[in-house]
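Undergrad: Quick one: sequence plus predicted model below, questions after.
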Amino acid sequence: MSEELKKYWKNYINGQWVESVNGGRIDIENPATALPIAEVARAEKEDVDIAVKAARECFNSRVLYNMRPTNRGMLMFEIARHMTEMADEIAIAECLDNGKTLAGGKNEALAAARYFTYYGGLADKLEGRMIPLGADYIDYTIPSPFGVSAQIVPWNFPLQIAARSVACALATANTVVLKSPELSPLSTYFIAEACNRAGVPAGAVNILCGFGHDCGASLVSHPDIDHIVFTGSLKTGQNILHAAAERVIPSVMELGGKSAGVLFEDADIDQAVNSTAAGIFTHAGQVCSAQSRLIVPRKMHDQVIEKLVAKASTLSIGPGIDGKDITPVISGGQADKIDGMCKAAVQAGAEAATGGGKAEGLDGHFIEPTIFTKVKSDMTIAQEEVFGPVLTILTYDDQEEAIALANGTDYGLCAGLYTRDLATAHWAADRLIAGQVFVNEWFAGGIETPFGGTKRSGFGREKGQEALLNYVQTKNVGIRITDGGGGRPGG
Ligand code: NAI
Ligand code: MG
């Protein structure tokens, strides 16, 4: 299969596929085999400068802004059409580069295409307001683009995450410089290819790959960007926010989570177990919105663990290309980190009901599906993002305690609950501190539903109509239409 994959990928800047200025390259690895599969041009500061200049010139030309928004939307439908046409090719790239199954890779491609149709359809629906000031004035607001949007994408769902921010930027007539993740950049290049084929103006979308510490850092601190979108770790988000503060750049931050599902006594246990397994084992747990904690009534603990362990034992471990359930984590470094967190949890007194670290006998970076019991809420394994197929179980005696446990981390991205009772569902949903609450199905929602964090999970919303509001700032225009003038400030 890997023969079908292109061996060398360039950056896409100002409507051209280009080498990097310094000629560097990055090796791209298949995490299922730990073998190299391709190389990409390594962008550094010099390449970022060229890309930002192209994006600036495109923005200043007003080519996107002057378009009738419905036509900008149609251009985005064309991008979606090309993404869909390339879906099988994208699936292979994402499968080999990221370890996903082919079905998972294809889902990335189709979801990415849908971001372009969804936001393309909204391009002509973002309206200003007319504000009444009496007969002497006309006053209206314009939702204005910021300018050059700098976007930093993580490696777990690179294509979907890139598509959602590029689509929002285009719908609102911003231009983009996007840094793809050095651990899995390949699928993001298809956005560039689709833009190229669709006839998106040169410079409107620039996609380059480089390391975070040089390429990423140069981009977010570039003097000519106007906006930052970041998804990734809390620590890197904090670094980027320092750069943003220096130049007062508005940003959207999605910084992961430690999301909990609360199981109530009346829940359908089998439904909760299946949902929890999907919530933590999908893409080997490398999901910012993963259900990494389950909070169960003490008296139901043994029953729930038994069912969860039985479920985990049905999951196969191996390469996504073979259609396995637990596919690899992205790198040796991530596997070591996850394994280390598992070992430390046992040291701290937790017990692995199943799994507990690296899977033996496989060439790539595989972690066993793992379930920790005997966990106290203040343990690291219950507080910090593992980003692996590792579930932590906590127990409670009364419902208030369950909510306190769910809310008891620095994060607040998602939360969930399992109950058959609507009143309980509403009571809990109202008290859980999170940007998104799932009831009886983890990940319930989609492109249409707003998603983002509270607390240290970040701020701003991706997905849904709300996301567009992160890409515009309101400009008010007040016009005196009769003789006179010389109003009062704030009057
Ligand atoms: P990271 O946050 O460092 O990487 C995400 C992106 O940021 C990559 O494209 C990287 O090149 C870029 N980056 C790194 N340093 C930068 C800088 N100074 N300026 C600009 N861009 C920079 O995440 P990493 O180290 O790959 O993974 C570590 C942990 O982060 C994971 O174990 C997981 O807990 C979390 N993570 C969360 C994600 C989420 O979806 N919220 C996605 C990826 C990682
Ligand atoms: Mg890779």
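TA: Yep, it's here. Ligands and ions are numbered 1, 2, ... in the order given.

Undergrad: And for Phe116, nearest residue in space, chain neighbours not counted?
TA: Ala80 (3.9 Å; Cβ to Cβ, 6 or more residues apart in numbering). All C-beta atoms are positioned from the backbone trio N, CA, C, and that covers glycine.

Undergrad: One more: Ala425?
TA: Among residues not flanking Ala425 along the chain, Val439 sits closest, at 5.0 Å (Cβ to Cβ, 6+ apart).

Undergrad: Quick check: the one you found touching Trp427?
TA: No - distance between Val439 and Trp427: 11.5 Å, which falls outside the contact criterion (Cβ atoms under 8 Å).

Undergrad: For ligand 2, what is the nearest residue in the stretch 201-350 of the chain?
TA: Ile330 (6.5 Å; Cβ to the ion).

Undergrad: Surely that residue touches Asn98?
TA: Yes - if you go by Cβ under 8 Å, Ile330 and Asn98 touch, sitting 6.9 Å apart.

Undergrad: Compare those two and say which is more crowded by neighbours.
TA: Asn98 (30 against 23; other Cβ atoms under 10 Å).

Undergrad: out of everything not next to it in sequence, what's closest to the more buried one?
TA: Ser184 (4.4 Å).

Undergrad: I'd assumed the one you found was in a strand, is it?
TA: No - for Ser184, which was evaluated using DSSP: H, G, I helix; E, B strand; the rest coil, the result is coil, with no strand membership.

Undergrad: Next, it: phi, psi?
TA: The phi/psi pair for Ser184 (degrees, to the nearest 10) reads phi -160, psi 70.

Undergrad: how about whatever helix or strand Gly121 lives in against ligand 2, any contact?
TA: Per DSSP states H and E: Gly121 is located in helix 102-122. No - Helix 102-122 does not reach ligand 2 (Cβ under 5 Å from the ion); its nearest approach is 12.4 Å.

Undergrad: Say whether ligand 1 is contacted by that helix.
TA: No - Helix 102-122 does not reach ligand 1 (Cβ under 6 Å from any ligand atom); its nearest approach is 14.0 Å.

Undergrad: which parts of that helix are buried?
TA: Within helix 102-122, the residues that count as buried by 16 or more other Cβ atoms under 10 Å are 102, 104-120, 122.

Undergrad: Next to ligand 2 in this structure, residues from the stretch 1-150 of the chain, please.
TA: For the stretch 1-150 of the chain, the residues in contact with ligand 2 (Cβ under 5 Å from the ion) are 29, 97.

Undergrad: does Glu384 really touch Gly340, like I thought?
TA: No - taking Cβ under 8 Å as the definition, Glu384 is not a contact partner of Gly340, at 11.5 Å.

Undergrad: Give me the more crowded residue out of these two.
TA: Taking other Cβ under 10 Å, Glu384 and Gly340 do not tie; Glu384 has more neighbours (16 against 11).

Undergrad: if I look at that one, how far off is Thr373?
TA: Going from Glu384 to Thr373 by Cβ to Cβ, to the nearest Å gives 18 Å.

Undergrad: go on, Gly261?
TA: Taken as Cβ to Cβ, the span from Gly261 to Thr373 is 15 Å.

Undergrad: With neighbour numbers in mind, choose between these two.
TA: Gly261 (27 against 21).

Undergrad: So that one lies in a helix, does it not?
TA: No - with three-state DSSP as the criterion, Gly261 is strand rather than part of a helix.

Undergrad: looking at this, Arg293 is in a helix?
TA: No - the assignment for Arg293, made by three-state DSSP, is strand rather than a helix.

Undergrad: List the residues that contact it.
TA: Neighbouring residues of Arg293 by Cβ atoms under 8 Å, 6 or more residues apart in numbering: 258-261, 382, 391-394, 406.

Undergrad: and it, bridged to which residues?
TA: In this entry, Arg293 is beta-bridged to Ala260, Thr392, by DSSP bridges.

Undergrad: Please name the residues that touch the residue of the stretch 1-150 of the chain found nearest ligand 2.
TA: Closest residue of the stretch 1-150 of the chain to ligand 2, Cβ to the ion: Asp97 (4.2 Å). The contact partners of Asp97, by Cβ under 8 Å, 6+ apart, come to 28, 30, 37-38, 184-187.

Undergrad: Check Ile191 too.
TA: 79, 83, 112, 159, 162-163, 166, 178, 205, 207.

Undergrad: Could you do Ala434 as well?
TA: Applying Cβ under 8 Å, 6+ apart, the residues near Ala434 are 257, 259, 412-415, 453-454, 457.

Undergrad: Also Gly460?
TA: Gly460 neighbours (Cβ under 8 Å, 6+ apart): 229, 251-254, 452, 470.

Undergrad: Which ones among those residues map onto helices?
TA: Using DSSP state H, the subset of the contacts of Gly460 located in helices is empty.

Undergrad: Between all of the residues you listed, which two are separated the most?
TA: Using Cβ to Cβ, the contacts of Gly460 reach their maximum pairwise distance at Ser251 and Gly452, which is 12.1 Å.

Undergrad: give me the residue from the stretch 151-300 of the chain nearest ligand 2.
TA: Ligand 2 sits closest to Ser184 of the stretch 151-300 of the chain, with a gap of 4.5 Å, by Cβ to the ion.

Undergrad: What about that residue, how many residues nearby?
TA: So Ser184, with other Cβ under 10 Å, has 28 neighbours.

Undergrad: quick one: the residue of the stretch 1-150 of the chain closest to ligand 2 and Ala91, what's the gap?
TA: Asp97 is 11 Å from Ala91, by Cβ to Cβ.

Undergrad: cool, and Tyr471?
TA: Separation of Tyr471 from Ala91 (Cβ to Cβ) stands at 29 Å.

Undergrad: Now do the contacts for the residue most central in space within the chain.
TA: Centroid-nearest residue in the chain: Ile161, 4.6 Å away (criterion: Cα atoms, centre = their mean). Contact analysis of Ile161 by Cβ under 8 Å, 6+ apart lists 153-154, 231.

Undergrad: let's go with 10 Å and repeat that
TA: Contact analysis of Ile161 by Cβ atoms under 10 Å, 6 or more residues apart in numbering lists 108, 112, 115, 151-155, 178, 180-181, 188, 229, 231-232, 254, 288, 462.

Undergrad: One more: Glu306?
TA: The neighbours of Glu306, taking Cβ under 10 Å, 6+ apart as the test, are 273, 353.

Undergrad: quick check: angle from the helix or strand harbouring it to strand 259-263?
TA: Following DSSP H and E, one finds Glu306 within helix 301-313. Per axes from the mean of the first three to the mean of the last three Cα atoms, to 10 degrees, the angle that helix 301-313 makes with strand 259-263 is 120 degrees.

Undergrad: what comes up buried for helix 301-313?
TA: Quick answer for helix 301-313 (16+ other Cβ under 10 Å): 301, 304-305, 307-309, 311-312.

Undergrad: Can you narrow these down to the ones near ligand 2?
TA: Answer for the buried residues of helix 301-313 near ligand 2: none qualify (Cβ under 5 Å from the ion).

Undergrad: Skip the chain neighbours and tell me the closest residue to Arg456.
TA: Nearest one to Arg456, counting by Cβ to Cβ, 6+ apart, is Asp410 at 4.4 Å.
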